[in-house]
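S.K.: model this:
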Amino acid sequence: MAELIYHVAVSLDNFIADQAMIDGNITDSHFLFEGEHVPDFLSDIQHYDAVLMGGKTYEFGFKFGANPGEPGYKGIKHYIFSSSMQFESNEEVELIKEDAIGFTKNLKQKENGKIWLCGGGELAGSLLKHKLIDQLVLKVNPIIVGGGISLFGNEKPCLRLKLADMKQYSNGVLKPTYHIIYT
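M.R.: Got it, this is the predicted structure:
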């Protein structure tokens with residue numbers, strides 16, 4: 001059985017994107033895109049066998065030259081959840097128009113290894129509500145943004161977490177890894 005890991009950057013007030021990122025203006029974002037946490041992240045994602053993301057997260061890459069049907073991360077199978085997006089699935093990128101919960105349950109059961117939940121917040125909230133996320137890896141940026149895309153969308157989970165690892169970077173980014181304890 002595969003393990004689903006929500007590995008995402010987050011502000012101290014639990015937003016995975018600030019308004020600048022939502023507007024596609026990454027240079028005005030308060031999130032830290034430079035520092036020793038970046039090569040660590042790029043190394044970490046090479047250990048994932050697949051990546052799940054919502055359509056808005058996938059479309060965000062279009063603002064930076066990516067095209068529909070192309071992988072955002074080379075060498076990792078992509079599953080994109082969107083009922084409105086249109087492109088032909090291929091061996092690298094599969095467009096999923098069906099229910100994310102049922103698809104993810106099935107994928108976790110039939111696969112082994114690690115599946116990366118890249119975003120977005122609504123997808124994460126839905127998967128968490130159905131107890132499908134196994135682990136959180138948060139790149140906690142030392143910022144408070146006041147609004148944006150919430151870590152779990154509209155879901156307001158109440159969970160116990162078990163700290164599995166913690167790394168601190170010189171620029172103030174913290175990377176805690178938590179196992180989720182569902183009751």
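S.K.: after the helix ranked longest in the chain, which helix or strand is next?
M.R.: Longest helix in the chain by number of residues (criterion: DSSP state H): helix 100-110. Downstream of helix 100-110, the next assigned helix or strand under DSSP states H and E is strand 114-119.
S.K.: okay, the angle between that following strand and helix 100-110?
M.R.: Going by axes from the mean of the first three to the mean of the last three Cα atoms, to 10 degrees, strand 114-119 is angled at 160 degrees with respect to helix 100-110.
S.K.: do a quick rundown of the strands in this protein.
M.R.: Using DSSP state E, the strands of the chain run over 3-10, 15-17, 50-54, 77-81, 93-96, 114-119, 135-140, 149-150, 160-168, 174-181.
S.K.: give me whichever of the ones you listed is most buried.
M.R.: The highest average neighbour count among the strands of the chain, using mean count of other Cβ atoms under 10 Å, belongs to strand 15-17 at a mean of 26. C-beta here means a position set from N, CA and C on the backbone, and glycine is covered the same way.
S.K.: was I right to think Leu136 contacts Leu161?
M.R.: Yes: between Leu136 and Leu161 there is a contact at 6.9 Å, judged by Cβ atoms under 8 Å.
S.K.: which neighbours do these two share?
M.R.: Taking Cβ atoms under 8 Å, 6 or more residues apart in numbering as the criterion, Leu136 and Leu161 both touch Tyr178, Ile180.
S.K.: residue contacts, the residue sitting nearest the centre point of the chain?
M.R.: Among the residues of the chain, Cys118 comes closest to the average C-alpha position under Cα atoms, centre = their mean, at 2.0 Å. Contact analysis of Cys118 by Cβ under 8 Å, 6+ apart lists His7, Val8, Val51, Leu52, Met53, Thr57, Gly72.
S.K.: nearest residue to Lys162 other than its sequence neighbours?
M.R.: The shortest distance from Lys162 to any non-neighbouring residue, by Cβ to Cβ, 6 or more residues apart in numbering, is to His179 (4.5 Å).
S.K.: ramachandran coordinates for the residue lying closest to Asn90 once chain neighbours are set aside?
M.R.: Distances taken as Cβ to Cβ, 6+ apart put Gly69 closest to Asn90, at 6.0 Å, once the chain neighbours are dropped. Backbone geometry at Gly69, expressed as degrees, to the nearest 10, gives phi 90, psi -10.
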